[in-house]
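coordinates for the following, if possible.
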Amino acid sequence: MEFLQTPIFIVIFLFLFVSLFLFTNNKGKNISNKLLGFVFLCFGLWVWDVYATLFLYDTFPHLANIFNNLLWLIGPCLLLYTYSVIFEDFALRKKHLLHLIPCILVVIITLFVYHIKPLDYKRNYLEHAMSDRSILIWGSSALIITHVLVYIIVSLRSIGNYQNIISNMVSNADKIRLSWLRFMLLGSFIIFFSLISFVVNQYFRWTDNLPISLIYIYVILLFIFITTTLFRSLKQPEIFSGISSEEVRNIPKYARSGLTDADSTAYTALLEEYMKSERPYLDPNLTISDLAARLNLTNRVISQVINNTLGFRFFDYINRYRVDEAVKMIQNPPDPKMTILEIMYETGFNSKSSFNTAFKKFTGKTPSEIKRHAKK
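Down below sits the predicted model:
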């Protein structure tokens, strides 16, 4: 198993390096950096625990069952990190200490079950921990994995809820996509979900020996996860400010605010006329607040008109106008030398991916296909 030592040490170094960088990084939101740094610190110390289980704990049994308890903190930290990115007014509060309860209970139990025991007991415990078919050992392992996976799923659902809310507030796709955060959560999910095969194998004893191949594959997964995370973080643009908790609480009121049929018809006509005459959608950073201010209406009224009367999210409503404008410019360009990329920026889009996605959604074709048909 010695061949595992080098890749494990590399993975440990990378996790701890990223953690140190985040703890000392002054750019971005400080609380987000600290929470994410702690997540990677827990990952790094956990991988160290895997290494020590294979190579050290038989010699130093008093060091066992310490770092593995940090797994109980990864899920809560991932969720709190997600909240810190989504909500601009996020701050750690006393209620968040409730997430520490499982970890504290496990630490107390471990103290009485293992740490206060004599040295011979600890060595005997460790000797039989991996080989015995113990529901206590492998059941607790499954419980830890489930705990982390539940937190990751809640975090992913929170992103989905955020995207639904923000798509009714902004027209800039960069503020809606959370590819960095979603990637990290999905990567963490895969890592912990893959542990299930190891736990099940050890409990049911499908193989007589420790499945080294599974450990090796797992180390490779961790290496891919941390290196890809590093690569994507270097390409990550500045994180946006997010939304406030108050805005989240107010979103459902948009749908419940009552407009008469006459008011709804009048406001819809006013909105559509303004969109066609003033073309505010050409502003790539247009928000629902900007549009409401220009029309001297409230966000609530504009939201209900777009959502309930016209049947769009604000993001899609604005992009529909941008796509229509882009189609006209592609078919009849003001300058024959004008490229599709130039048209993209002229019509209010700020990224090629959102441009192509919107085109496909509203026309069923790509900009290049529209251009080829226009030349015929």
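
number of residues surrounding L56?
For L56, the neighbour count with other C-beta atoms under 10 Å is 14. Backbone N, C-alpha and C define where each C-beta goes, glycine included.

where do the helices sit along the stretch 51-200 of the chain?
Using DSSP state H, counting those that start in this stretch, the helices of the stretch 51-200 of the chain run over 71-86, 101-110, 119-129, 135-166, 179-204.

and if you look at the stretch 251-376 of the chain?
Going by DSSP H, counting those that start in this stretch, the stretch 251-376 of the chain shows helices at 261-278, 288-295, 299-304, 314-331, 340-346, 352-363, 367-375.

just send those back as JSON lines, with distance to H99, mean neighbour count and mean pLDDT too.
Formatted as JSON lines, these follow (distance: least, C-beta to C-beta, whole Å; neighbours: other C-beta atoms under 10 Å; pLDDT from 0 to 100):
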{"stretch": "helix 261-278", "distance to H99": "44", "mean neighbour count": "13", "mean pLDDT": "91"}
{"stretch": "helix 288-295", "distance to H99": "34", "mean neighbour count": "17", "mean pLDDT": "91"}
{"stretch": "helix 299-304", "distance to H99": "33", "mean neighbour count": "20", "mean pLDDT": "88"}
{"stretch": "helix 314-331", "distance to H99": "32", "mean neighbour count": "20", "mean pLDDT": "91"}
{"stretch": "helix 340-346", "distance to H99": "44", "mean neighbour count": "17", "mean pLDDT": "90"}
{"stretch": "helix 352-363", "distance to H99": "35", "mean neighbour count": "17", "mean pLDDT": "86"}
{"stretch": "helix 367-375", "distance to H99": "47", "mean neighbour count": "14", "mean pLDDT": "79"}
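
looking at those helices, which is closest to T59?
Relative to T59, the nearest member of the helices of the stretch 251-376 of the chain by C-beta to C-beta is helix 352-363, separated by 53.0 Å.

residues in contact with stretch 288-298?
168-170, 267, 270-271, 274, 278, 280, 283, 299, 301-303, 306, 314 (C-beta atoms under 8 Å, 6 or more residues apart in numbering).

ok, 10 Å please
Residues outside stretch 288-298 that contact it (C-beta atoms under 10 Å, 6 or more residues apart in numbering) are 168-171, 254, 257, 267, 270-271, 273-275, 278, 280-281, 283, 286-287, 299-306, 314-315, 317-318.

give me the distance from that stretch to the chain's centre.
Averaging C-alpha positions (C-alpha atoms, centre = their mean, to the nearest Å) puts stretch 288-298 31 Å from its chain's average.

Y317 and I306: what is the separation?
5 Å (C-beta to C-beta, to the nearest Å).

typed the wrong thing, it's D316
Distance from D316 to I306, by C-beta to C-beta: 9 Å.

mutual contacts of those two, please.
In terms of C-beta under 10 Å, 6+ apart, D316 and I306 are both contacted by the residues N168.

pLDDT below threshold where in this structure?
For the chain, the stretches flagged by pLDDT under 70 are 1-4, 28, 129-138, 173-177, 197-214, 232-258, 374-376.

please redo it, this time with the cut-off set to 50
Within the chain, the segments meeting pLDDT under 50 span 206, 237-241, 250, 252-256.

re the thing from before, okay, the helices of the stretch 51-200 of the chain in JSON lines with distance to P336 and mean neighbour count next?
Formatted as JSON lines, those follow (distance: least, C-beta to C-beta, whole Å; neighbours: other C-beta atoms under 10 Å):
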{"stretch": "helix 71-86", "distance to P336": "44", "mean neighbour count": "23"}
{"stretch": "helix 101-110", "distance to P336": "66", "mean neighbour count": "14"}
{"stretch": "helix 119-129", "distance to P336": "74", "mean neighbour count": "14"}
{"stretch": "helix 135-166", "distance to P336": "38", "mean neighbour count": "17"}
{"stretch": "helix 179-204", "distance to P336": "36", "mean neighbour count": "17"}
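
to I10, which of those lies closest?
Between those, helix 179-204 lies closest to I10; by C-beta to C-beta that is 16.2 Å.

now L222. Nearest residue, chain neighbours left out?
V11 (4.9 Å; C-beta to C-beta, 6 or more residues apart in numbering).

the one you found: neighbouring residues, count only.
By other C-beta under 10 Å, neighbour count at V11 equals 26.

that one contacts Y216, correct?
No: counting by C-beta atoms under 10 Å, V11 does not reach Y216; the two are 11.8 Å apart.

coming back round to it: K328: which of the helices of the stretch 51-200 of the chain is closest?
helix 135-166 (28.4 Å).

and that closest one, what does it pack against?
helix 71-86, helix 101-110, helix 119-129, helix 179-204, helix 245-256, helix 314-331 (3 or more C-beta pairs under 10 Å, 6 or more residues apart in numbering; DSSP states H and E).
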